[in-house]
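Participant: Starting from these lines, generate the structure:
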Amino acid sequence: MDLLLDTCAFLWLALDPDKLSPKVVEALNDTSNRRILSMASVLEIVLKYRARKLPLPRSPEEWIPSRRSYFAIAELPLSEPVIFESIHLPGLHADPFDRLIAAQARCLNGVVLTPDPRIADLGAQVCWS
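Facilitator: Predicted coordinates for the structure are as follows:
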């Protein structure tokens, strides 16, 4: 199964793993699942870091790849079809990063690891509790 980590799930995995639900920990520990991080999440982290709303142990260009490598998380580029899919998602949830992540999960037929129930409102499969 393709597991697409929401931005907060990636940050918690790397910085505060006790915040992850037992169900998410189980899914991440299942070696038959593929862990994936969207470049939408990378952009969100970089923008929050730049705005000084998200402190990181090192600069994002060093820290993010090191954490992806350590946790064996593949990167998922944004594609034009995913961007177009994001505008056709149901619901009124306006966060562009969440819309892109949901669209990517739908295109992959994957599952988003997120505590945010609004991602499911966008038509993506979610896993948390």
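
Participant: low-scoring stretches of this structure, by residue?
Facilitator: For the chain, applying pLDDT under 70 flags no range at all.

Participant: Kindly recompute the last result at 80.
Facilitator: 91-93 (pLDDT under 80).

Participant: how about the helices in it?
Facilitator: 7-15, 22-29, 39-50, 60-70, 80-86, 96-108, 118-121 (DSSP state H).

Participant: okay, those helices, which one's buried deepest?
Facilitator: Across the helices of the chain, the average number of neighbours (mean count of other CB atoms under 10 Å) peaks for helix 96-108, which reaches a mean of 23. No exception for glycine: its C-beta is placed from N, CA and C like everyone else's.

Participant: who's in contact with that helix?
Facilitator: Outside helix 96-108, the residues within contact range by CB atoms under 8 Å, 6 or more residues apart in numbering are 2, 4, 6-7, 36, 38, 40-41, 43-44, 76, 78-79, 81-83, 85-87, 89, 93, 110-112, 114, 116, 118-119, 122-125.

Participant: so who does the residue with the largest distance to the centre of the chain touch?
Facilitator: The outermost residue of the chain, judged against the average C-alpha position, is residue 52 (20.4 Å), by CA atoms, centre = their mean. Listed by CB under 8 Å, 6+ apart, residue 52 has no contact partners.

Participant: now do residue 15
Facilitator: residue 57 are the contacts of residue 15 under CB under 8 Å, 6+ apart.

Participant: if I look at it, how far off is residue 34?
Facilitator: Shown here: residue 15 relative to residue 34, a distance of 22 Å by CB to CB, to the nearest Å.

Participant: One more: residue 9?
Facilitator: For residue 9, the distance to residue 34 - CB to CB - is 15 Å.

Participant: Sweet, I'm off.
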